[in-house]
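**Q** sequence and computational prediction follow.
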Amino acid sequence: MSPKSSMTAALCAALLAGTALTGCTSTVGAGGTGGSADNLPRKASRQQLDSGSIAKDVDLKGARFTVGSKEFTEQQILGKITKYALEAAGAKTKDQTGLQGTTIARGALESGDIDMYWDYSGTGWTQFLQHDTPVQGSAAQFEATSTEDLKKHKIKWLGPAKFGNQYAMARAADAPGRAGKVDSISDLAKLAKEHPEDATLCGASEFLDRELSAMEKSPYKLKFQAPQVYQNALALDYVNVAKSSPCSFAEVFTTDARLKSLDLKVLDDDKGHFTTELAALTVRDATAKKYPQLTKLAKKLGDALTEQAIIKLNGMVDLEGKSADQAALYFLRTNGFIGK
């Protein structure tokens, strides 16, 4: 496959989850980017659920849970993993994955519309607990978030996972013009000040709401002009910045497999604005106390959810066209949590 064809395939694959791009078809997922999406099961049988380590080690028989998640790929995978894991432990589940953003997911948890979803310790610290300054060190940040959220809001953070996600900013590795010389966020701040017309940014609504003002107040003093900011779906961030159109820079997640497949350069966060945010299963404290086996289940899952594992799972969906269910079942089977 030529470099141009390879890039086109990657761009198409990045949008297969739900955003159409002219010239792209579902054959991308079934062809050169990773094999057919149909070669992995889309559901688990009762026999498979009963044949792994979760069924042997965790007992949640008789319990019923509604499982939520935010809308982006990683979140939906984590939600599906939790759903099947709960079923393997004997619980009944209702699937409410794919909620639109942190505010809605957290609100659903607090109101009781859902019983659990995975969130990130930095998000909890800044959004739910309203702190401006992050805690240095991923473990220390997790401890601070989980302790204060339990005390103030009666929300328990279980796990955590072994991977930490975080925001970053990226450009195309071969970005033209001045943008191609930007290697750090400090460089970007200088570009935005001296040549604002070249500092164009793509971001999803949650990133723009959380980070635009925060970065302006940060040591970077990074400010984008309003006409230079494009709000779009997260998947389009990667596609648009890879093309350097309409934006030369974009928000990205550090565990996203598209960073490599689309040849994106992550800017050095040389002043440490973004922090590593360990993922954890958030539940109401009353639920955690009623079902103490949830703590055991979250630890089993969290210990296996390494950075390498989540990058692979994200890539299965975003690059190979597989579903979140297929990625979740692959993870559970390969770790022996359910039978094959």
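**A** Sure, I can see it. These numbers were taken from a predicted model, which means no experiment stands behind them.
**Q** what about the closest residue in space to I338 that isn't next to it in sequence, neighbour count?
**A** Leaving aside its sequence neighbours, I338 sits nearest to G52 (C-beta to C-beta, 6 or more residues apart in numbering; 3.9 Å). In this view, the C-beta of every residue, glycine as well, is placed from N, C-alpha and C. As a burial measure, G52 scores 20 neighbours (other C-beta atoms under 10 Å).
**Q** equivalent analysis for the one 3 residues further on, please.
**A** Under the neighbour criterion other C-beta under 10 Å, A55 is assigned a count of 19.
**Q** re earlier: the residue nearest to I338 contacts F337, doesn't it?
**A** Yes - contact criterion C-beta atoms under 8 Å: G52 and F337 qualify, at 4.8 Å.
**Q** which neighbours do these two share?
**A** A88 (C-beta atoms under 8 Å, 6 or more residues apart in numbering).
**Q** give me the three-state assignment for Y230.
**A** strand (DSSP: H, G, I helix; E, B strand; the rest coil).
**Q** quick one: V135 is in a helix?
**A** No - V135 is assigned coil when assessed by three-state DSSP, not a helix.
**Q** contacting residues for it?
**A** W125, Q141, A144, T145, T275.
**Q** looking at these, which is nearest E194?
**A** Proximity to E194 was ranked across the contacts of V135 by C-beta to C-beta; first place goes to T275, at 28.1 Å.
**Q** secondary structure class for that closest one?
**A** coil.
**Q** wait, it touches G124, no?
**A** No - assessed by C-beta under 8 Å, T275 is found out of contact with G124, at 11.7 Å.
**Q** which one of these two has more residues nearby?
**A** G124 (26 against 23).
**Q** number of nearby residues for the closest residue to that one other than its chain neighbours?
**A** Of all residues not flanking G124 in the chain, T145 sits nearest, at 4.2 Å (C-beta to C-beta, 6+ apart). T145 has 30 neighbours, counted by other C-beta under 10 Å.
**Q** equivalent analysis for L281, please.
**A** Neighbours of L281 (other C-beta under 10 Å): 27.
**Q** and if you look at A204?
**A** When neighbours are counted by other C-beta under 10 Å, A204 registers 19.
**Q** the strands in the stretch 151-300 of the chain, which residues?
**A** 155-158, 164-165, 167-172, 201-203, 229-231, 249-253, 264-266, 277-284 (DSSP state E, counting those that start in this stretch).
**Q** as a markdown table, these with mean pLDDT and distance to T133 would be great.
**A** Output for these, formatted as a markdown table (pLDDT from 0 to 100; distance: least, C-beta to C-beta, whole Å):
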| stretch | mean pLDDT | distance to T133 |
| --- | --- | --- |
| strand 155-158 | 98 | 20 |
| strand 164-165 | 84 | 18 |
| strand 167-172 | 96 | 16 |
| strand 201-203 | 97 | 22 |
| strand 229-231 | 97 | 25 |
| strand 249-253 | 96 | 21 |
| strand 264-266 | 97 | 23 |
| strand 277-284 | 96 | 15 |
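**Q** include distance to M116 when you put these into a markdown table, please.
**A** Below are the strands of the stretch 151-300 of the chain laid out as a markdown table (distance: least, C-beta to C-beta, whole Å):
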| stretch | distance to M116 |
| --- | --- |
| strand 155-158 | 8 |
| strand 164-165 | 18 |
| strand 167-172 | 24 |
| strand 201-203 | 28 |
| strand 229-231 | 29 |
| strand 249-253 | 21 |
| strand 264-266 | 31 |
| strand 277-284 | 4 |
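**Q** which one, of those strands, ends up nearest to D95?
**A** Among the strands of the stretch 151-300 of the chain, the nearest to D95 by C-beta to C-beta is strand 277-284 (15.6 Å).
**Q** hmm, who's touching the closest one?
**A** Residues contacting strand 277-284 (C-beta under 8 Å, 6+ apart): 78, 82, 106, 109-110, 112, 115-124, 138-139, 141-142, 146, 149, 154-161, 163-166, 294, 298, 301-302, 305.
**Q** can you select the buried ones among the residues you listed for me in ChimeraX?
**A** Under the burial definition 16 or more other C-beta atoms under 10 Å, those of the contacts of strand 277-284 that qualify are selected in ChimeraX by:
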select :78,82,106,109,115,116,117,118,119,120,121,122,123,124,138,141,142,146,149,155,156,157,158,159,160,161,163,164,165,166,294,298,301,302,305
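**Q** tell me which of the contacts of strand 277-284 fall in helices.
**A** Among those, DSSP state H puts 78, 82, 106, 109-110, 121-123, 138-139, 141-142, 146, 149, 294, 298, 301-302 in helices.
**Q** so which of the strands of the stretch 151-300 of the chain gets nearest H131?
**A** Short answer: strand 277-284, nearest of these by C-beta to C-beta, at 13.1 Å.
**Q** just the angle between that closest one and strand 249-253, please?
**A** Strand 277-284 runs at 60 degrees relative to strand 249-253, counting by axes from the mean of the first three to the mean of the last three C-alpha atoms, to 10 degrees.
**Q** for the residue nearest to L208 when sequence neighbours are not counted, give me its contacts.
**A** Leaving out its chain neighbours, the residue that sits closest to L208 by C-beta to C-beta, 6+ apart is Q231, at 5.8 Å. Shown in contact with Q231 (C-beta under 8 Å, 6+ apart): C202, G203, A204, S205, L208.
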